[in-house]
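A.B. asks: just need the structure, nothing else, for what follows:
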Amino acid sequence: MEKIMIIDDSPVQAAHLKNILESDYQITTVQEPQMGLNYAREQDFSLILLDVVMPGMDGFVLLKKLQEEVATRHIPVILITALSDIENEQRGLTLGAVDYIYKPFHPMIVKARVNTHIKLYQYRKQVEYQSMTDQLTGIANRRRYERVSEQKWQEAIRLRVPFSICMMDIDHFKKYNDTFGHPAGDTVITAVSATAGRYLRRNTDFLARYGGEEFVVFMMGDSSRQAFEQMCRVRRAVEELHIPHSGSVSEWVTISAGGTTVLPKRGDSFDTFLKIADTMLYDAKRFGRNRVVWNDENMRQFSE
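C.D. replies: Okay, here's the model as predicted:
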């Protein structure tokens, strides 16, 4: 079931809307605007029904806050109001609302409008998923990485949890392509991404194809040692695939990885730490490849 949140300071009005929709959707009702904003940040809602007239923070202010945040701006919002003048309707639509539902409610109209916007949201998600998925491997592509990186970084700052960034690539991949051909190279890229994906499947993990034979990984909430050991398991698993490499460089296909773990705070730059991870990858190659090099929270380096 798609999830819908109703934000209305009136329990009676919220219950009425819930009764209209709960047979088709999973409904969450919230009376306080700030709590609604927090829920929108933390949960995966397909639609928000937002009352305009509320004490403290009205619906227009909350809508503006929802539109300003990366984690919530994608959620369609229908405004619920008794204000039927053109100026208020224009204001809401300008701020980013997708529709209006006027009080008193007409159940069939509420259902029809909600159904329409849920279908539009599902279609948009499908199109976005296809545009942000690497066609060869099925994992996230560079475009999705660029969107998720800032979102995850801000989430780590807000939750005050460690954030790990790792860059990894396939060792001597050009030599592999030259020896076995590009179709075989594509098979190797797919095998490496699938192997890494088996170890990076938590909702706090993120794996993307950065370009060519290079991948980027995020891990949230893990210490530097935990993140390092996870990537060591990925490295060993790839080697244990026993995919033959060109004998002049290596017996098997292997990967090198470099990462860093930081407890980010406001004002810290994601790009700064991405560069540190890239430097660790460079060191892994410089030290002989088929290894993981890590930079911990205290800027100390260790490797396997």
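A.B. asks: rest of the way, CA atoms for contacts and neighbours
C.D. replies: Will do.
A.B. asks: let's test this: mean pLDDT of the lengthiest helix in the chain, rounded?
C.D. replies: With DSSP state H applied, the helix covering the greatest number of residues in the chain is identified as helix 107-131. The average pLDDT within helix 107-131 is 93.
A.B. asks: same deal with stretch 236-256?
C.D. replies: Averaging the model's pLDDT scores along stretch 236-256 yields 94.
A.B. asks: circling back to that earlier point, for the longest helix of the chain, buried residues please.
C.D. replies: Using 16 or more other C-alpha atoms under 10 Å as the test for burial, helix 107-131 gives 110, 114, 117-118, 121.
A.B. asks: tell me which other helices or strands that helix touches.
C.D. replies: helix 11-21 (3 or more C-alpha pairs under 8 Å, 6 or more residues apart in numbering; DSSP states H and E).
A.B. asks: got the CA positions of the helix it packs on in CSV?
C.D. replies: Taking Å, rounded to 0.1, in the frame of the first residue of the first chain, the C-alpha atoms of helix 11-21 are listed here in CSV:
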residue,chain,number,x,y,z
PRO,A,11,-8.5,15.4,14.9
VAL,A,12,-12.1,15.2,13.6
GLN,A,13,-11.1,16.4,10.1
ALA,A,14,-8.1,14.2,10.0
ALA,A,15,-10.2,11.2,11.1
HIS,A,16,-12.8,12.0,8.4
LEU,A,17,-10.1,12.0,5.7
LYS,A,18,-8.6,8.9,7.0
ASN,A,19,-11.9,7.1,6.9
ILE,A,20,-12.3,8.1,3.2
LEU,A,21,-8.9,6.8,2.2
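A.B. asks: what is that helix packed up against?
C.D. replies: Contacts defined by 3+ C-alpha pairs under 8 Å, 6+ apart place helix 11-21 against strand 3-7, strand 26-30, helix 107-131.
A.B. asks: which other residues reach it?
C.D. replies: Where contact means C-alpha atoms under 8 Å, 6 or more residues apart in numbering, the residues beyond helix 11-21 that reach it are 6-8, 27, 29, 31, 107, 110-111.
A.B. asks: which residue, other than its chain neighbours, is closest to E297?
C.D. replies: Here the nearest residue to E297 in space, its sequence neighbours aside, is V262; by C-alpha to C-alpha, 6 or more residues apart in numbering that works out to 5.1 Å.
A.B. asks: quick check: bridge partners of the one you found?
C.D. replies: Per DSSP bridges, the residues bridged to V262 are F163.
A.B. asks: tally of neighbours for it?
C.D. replies: Look at V262: counted by other C-alpha atoms under 10 Å, it has 22 neighbours.
A.B. asks: from what I can see it touches R300, true?
C.D. replies: No: in terms of C-alpha atoms under 8 Å, V262 does not count as a neighbour of R300; the distance is 11.6 Å.
A.B. asks: helix or strand for D268, which one?
C.D. replies: No secondary structure element spans D268, as it lies outside all helices and strands (assigned by DSSP states H and E).
A.B. asks: per-residue pLDDT of it, please?
C.D. replies: Here, the pLDDT recorded for D268 equals 93.
A.B. asks: quick one: contacts for it?
C.D. replies: In this structure, D268 makes contact with no residue, judged by C-alpha under 8 Å, 6+ apart.
A.B. asks: just R160 next, same as before
C.D. replies: 263-265.
A.B. asks: just the buried members of those?
C.D. replies: When neighbours are counted using 16+ other C-alpha under 10 Å, these contain these buried positions: 263-264.
A.B. asks: need the contacts of R160 in a markdown table (columns: distance to E69 and pLDDT).
C.D. replies: As requested, the contacts of R160 are arranged in a markdown table below (distance: C-alpha to C-alpha, whole Å; pLDDT from 0 to 100):
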| residue | distance to E69 | pLDDT |
| --- | --- | --- |
| L263 | 21 | 95 |
| P264 | 18 | 95 |
| K265 | 17 | 93 |
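A.B. asks: so which of the contacts of R160 is the closest to A97?
C.D. replies: Minimum separation from A97 among the contacts of R160 (C-alpha to C-alpha) is found for K265, which lies at 31.6 Å.
A.B. asks: and the closest one, its phi and psi?
C.D. replies: As for K265, its main-chain torsions (degrees, to the nearest 10) stand at phi -130, psi 160.
A.B. asks: and what of D222?
C.D. replies: Reported as degrees, to the nearest 10, the phi and psi values for D222 are phi -90, psi 150.
A.B. asks: surely it touches P162?
C.D. replies: Yes: checked against C-alpha under 8 Å, the pair D222 and P162 is within contact range at 6.1 Å.
A.B. asks: so L83: helix, strand or coil?
C.D. replies: The three-state label given to L83 by DSSP: H, G, I helix; E, B strand; the rest coil is coil.
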